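Peer 1: Need coordinates for the below:
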Amino acid sequence: MKILNSSHISPFGGLNFVLDEFERLKLGDILQDHLPGLAKQSRYNWKDILFSFWSVYFCGGSCIEDLGGNFHHHLKGNRLLRVPSPDRVLGRFKGLSLPKDILTVKGHRYPSIEPEQTAK
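Peer 2: Numbering: from 1, shown residues only. Sure thing, here's the model as predicted:
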């Protein structure tokens, strides 16, 4: 695809080809179907959160904070995603994590054994 005339030029224009492919594959729908539901008043859905997170690394970033600083100006105008703050992304990821259970027996601490780790 050759762009002949554009009023908005972004140094990360190639990202749109990646995000278009994600859309074609309906990756956003897969994320919504298989990740925990978000409140109806949530401003961002899982697609926005994960596409924004991946965009940082696709564009050469090194940490999630680049989403709020270095790349925010260029990504916020993208038609394929709404860009959340780095804190929102990390908060949603934390919500996906499982609590770590620790077993204490006579003063010794042991990590819990997950069901799939037990002998069959």
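
Peer 1: so where is this structure shaky, pLDDT-wise?
Peer 2: Scanning the chain for pLDDT under 70 picks out 1-13, 101-104, 109-120.

Peer 1: the strands in it, which residues?
Peer 2: Per DSSP state E, the chain carries strands over the ranges 102-105, 108-111.

Peer 1: so how far is the first residue of stretch 60-75 from its last?
Peer 2: Its start and end residues considered, stretch 60-75 measures 13 Å (CA to CA, to the nearest Å).

Peer 1: Then stretch 38-54?
Peer 2: One end of stretch 38-54 to the other measures 20 Å (CA to CA).

Peer 1: can you count the residues close to the closest residue to residue 95 other than its chain neighbours?
Peer 2: In space, and not counting its chain neighbours, residue 95 is closest to residue 36: 7.2 Å by CB to CB, 6 or more residues apart in numbering. Any C-beta I mention is one placed from the backbone N, CA and C, and that applies to glycine too. Number of residues near residue 36 (other CB atoms under 10 Å) recorded here: 8.

Peer 1: next one: residue 84
Peer 2: The number of residues near residue 84, taken as other CB under 10 Å, comes to 21.

Peer 1: For the remainder of this discussion, apply numbering that starts at 262.
Peer 2: All right, first residue 262 from here; so that's residue 345.

Peer 1: That one against residue 310, yeah?
Peer 2: Yes - if you go by CB atoms under 8 Å, residue 345 and residue 310 touch, sitting 5.9 Å apart.

Peer 1: Of all the helix elements in the chain, which one is longest?
Peer 2: Looking across the chain with DSSP state H, the single longest helix is helix 307-319.

Peer 1: tell me, what residue is most central in this structure?
Peer 2: Among the residues of the chain, the one closest to the centroid is residue 311, at 2.2 Å (CA atoms, centre = their mean).

Peer 1: Just to check, that one is in contact with residue 292?
Peer 2: Yes - here residue 311 reaches residue 292: they are 6.0 Å apart, a contact under CB under 8 Å.
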